[in-house]
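> Below is the sequence, then the predicted model.
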Protein chains: 2
Amino acid sequence: MMLTSTTPRSTRTTDPTTDPLTFGVGVRVTAAVMADDYAAILTRALADLDTTGLVVDTGDVSTYVGGAEADLLRHLTDLAQALAATEHHVTLTVHLSRGCPGEVACDLPGGAGPRAGDVPSPRTTGRWAAAEWALYPLADQGTSGVEPDHMRDIYAAIDHARELGTFRGSEHFVTRLEGDVGDVLATAVAGWVLVGRRVQHVTSHLTLSLNSPSHAAVTR
Amino acid sequence: MMLTSTTPRSTRTTDPTTDPLTFGVGVRVTAAVMADDYAAILTRALADLDTTGLVVDTGDVSTYVGGAEADLLRHLTDLAQALAATEHHVTLTVHLSRGCPGEVACDLPGGAGPRAGDVPSPRTTGRWAAAEWALYPLADQGTSGVEPDHMRDIYAAIDHARELGTFRGSEHFVTRLEGDVGDVLATAVAGWVLVGRRVQHVTSHLTLSLNSPSHAAVTR
């Protein structure tokens, strides 16, 4: 890590889109377990999660996880499956981001360009989820790549959701997804990666409901 | 309501920015109560909430609430205060939107222009919250008003958070807010209204943590 402090970012010659952490590829996750002993349940569920290739920083509101897209999807799928396996009602709030690392301001304020990449494949978990999804291509000063157009990009991502079989319809402000939680998470990650091929700074928010009593008729 | 079906939107002469529901002003909220009897606790907490002036549609992932900005903030503050008063650990996921009503596509696809309005005042609740906040001015085809610039608008909103005393710092992808939950919610609503004076389509996501055991040292 000392290399970073002796080699200022501005003098580097490498493409900032190639390294996921330099490009700010990551997710914030909040897991809420509807149980009196939620802390113990959460600790047990998270104990065996594979964090290979990922940077993890746990906070009181959410946990930040940084790394490449395929590693993030693997981790999110493992997490959701472990939480679903507790059989408790759980909500999972997922906030994906790419192209704007740093704090208030982006360390890559436009000019870096979009990051190309493959769409990671879903892993089937046998666990069902309902979710609400929003996807945001963002216009920052000095944006490079194709200019963002929220609706144009939403349509492309929804077409992909239809192919994955998770698209269920549109609600106010969100797209409703249903299905195996591995497919639902893969839908959100795929839309975010697909739009991210053309636009530098893209975020996506997904709220998932697992083991809801109101899902019993659908899933059992 | 019959007037709507006999008077198609396209033939109306009124400004679509003046009516909050026509302009798509609303919020989706997910409340998660960390308790075995979460359903009963939630039902009791929500029973006496004032929904004057609001349209409410409860779903299995979130509840949609539509209406004017001041009514939305009043309702969110009442809701958060009632949930905090249960003394259970609660997370609240809040997704504000304006300027893009309808389903997948906006019914106002640009051209409507931004909606002017006053910043609603906070109501102090005596209940403390930590929160993570993101704010998104969105570029849609045919956008009118000032073109979105995510970073320019974020700075203006953060200045306002500093004035309200809720700004605590910047994390990956989000701004951390702390304080009375009435002030924290008012900060997010204010940023969204302020940016919304210049940009038609603006969304904001806020995740709040109430009664967390890890907050005991801060708040008691």
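On my side now, so go ahead. Residues are numbered from 1 along each chain as shown, chains lettered A, B, ... in the order given.
> Every contact and neighbour count from this point should use C-alpha atoms.
Fine.
> Provide a list of residues in contact with the residue positioned nearest the centre of chain A.
Per C-alpha atoms, centre = their mean, the C-alpha nearest to the average position across chain A is that of residue A:96, at 3.6 Å. Neighbour list for residue A:96: A:25-28, A:189, A:192, A:203-205 [criterion: C-alpha atoms under 8 Å, 6 or more residues apart in numbering or on different chains].
> Who are the packing partners of the strand or helix carrying residue A:151?
Following DSSP states H and E, one finds residue A:151 within helix A:150-164. If you count contacts as 3 or more C-alpha pairs under 8 Å, 6 or more residues apart in numbering or on different chains; DSSP states H and E, helix A:150-164 packs onto strand A:128-137, helix A:181-196.
> how big is the angle separating the first one from strand B:128-137?
It refers to strand A:128-137. 60 degrees (axes from the mean of the first three to the mean of the last three C-alpha atoms, to 10 degrees).
> if we can go back for a sec, does chain B have contacts with the next helix or strand after the helix holding residue A:151?
Next along the chain after helix A:150-164, taking DSSP H and E as the criterion, comes strand A:167-171. Yes: applying C-alpha under 8 Å from any C-alpha of the partner chain, one finds strand A:167-171 in contact with chain B at A:170-171.
> so where's chain A uncertain?
Chain A contains residues with pLDDT under 70 at A:1-13, A:103-105, A:109-110, A:141-145, A:217-220.
> all strands of it, in order?
Along chain A, counting by DSSP state E, strands occupy A:26-33, A:55-58, A:63-66, A:90-98, A:128-137, A:167-171, A:174-180, A:202-210.
> on that earlier part again, just give me the closest of the contacts of residue A:96 to residue A:64.
residue A:28 (4.4 Å; C-alpha to C-alpha).
> Contacts only, for that closest one.
Counted by C-alpha under 8 Å, 6+ apart, residue A:28 has contacts A:62-65, A:94-96.
> Tell me which of the helices and strands packed on helix A:150-164 lies nearest to chain B.
strand A:128-137 (6.4 Å; C-alpha to the nearest C-alpha).
> so what strands line up beside that closest one?
Paired neighbours of strand A:128-137 in the sheet (DSSP bridges): strand A:174-180 (antiparallel), strand A:202-210 (antiparallel).
> picking that back up, and residue B:128, which of the strands of chain A is closest to it?
Residue B:128 lies closest, by C-alpha to C-alpha, to one member of the strands of chain A: strand A:26-33, at 18.6 Å.
> The closest one versus strand B:26-33: what angle between them?
Orientation of strand A:26-33 against strand B:26-33 (the same axes, to 10 degrees) gives an angle of 50 degrees.
> What strands line up against strand A:26-33, and which way round?
strand A:63-66 (antiparallel), strand A:90-98 (antiparallel).
> Pick the most deeply packed of these.
Counting by mean count of other C-alpha atoms under 10 Å in any protein chain shown, strand A:90-98 has the highest mean neighbour count of the strands paired with strand A:26-33, with a mean of 25.
> residues in contact with stretch A:118-132?
With C-alpha under 8 Å, 6+ apart as the test, stretch A:118-132 has contacts from A:69-70, A:73-74, A:77, A:81, A:84, A:174-186, A:189-190, A:193-194, A:206-211, A:219, B:60-61.
> Could I have the buried ones of those as PyMOL selection syntax?
Of those, the buried ones go into a single PyMOL selection, burial set by 16 or more other C-alpha atoms under 10 Å in any protein chain shown:
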select buried, (chain A and resi 69+70+73+74+77+81+84+174+175+176+177+178+179+180+181+182+183+184+185+186+189+190+193+194+206+207+208+209+210+211) or (chain B and resi 61)
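> Redo the helices and strands packed on helix A:150-164 as JSON lines? Include distance to residue B:39.
Output for the helices and strands packed on helix A:150-164, formatted as JSON lines (distance: least, C-alpha to C-alpha, whole Å):
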{"stretch": "strand A:128-137", "distance to residue B:39": "18"}
{"stretch": "helix A:181-196", "distance to residue B:39": "23"}
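> ok so, going back, wait, which of the contacts of residue A:28 is closest to residue B:35?
Nearest to residue B:35 among those, counting by C-alpha to C-alpha, is residue A:62 at 19.0 Å.
> Please report the distance of that closest one from residue A:94.
In this view, residue A:62 and residue A:94 are 9 Å apart by C-alpha to C-alpha, to the nearest Å.
> Show me whatever sits in contact with both of the two.
Listed contacts common to residue A:62 and residue A:94 are A:28-30; contacts here mean C-alpha under 8 Å, 6+ apart.
> which residues touch the nearest residue to residue A:77 once chain neighbours are set aside?
Once flanking residues are discounted, residue A:77 sits nearest to residue A:182: 5.4 Å by C-alpha to C-alpha, 6 or more residues apart in numbering or on different chains. Applying C-alpha under 8 Å, 6+ apart to residue A:182 gives the contacts A:77, A:122-125, A:127.
> try it again with 7 Å
A:77, A:122-125 (C-alpha atoms under 7 Å, 6 or more residues apart in numbering or on different chains).
> from these, which would you call buried?
Of the contacts of residue A:182, these count as buried by 16+ other C-alpha under 10 Å: A:77, A:122-125.
> Among those, which lie within helices?
residue A:77 (DSSP state H).
> ok, of the buried ones among the contacts of residue A:182, which one's closest to chain B?
residue A:77 (18.5 Å).
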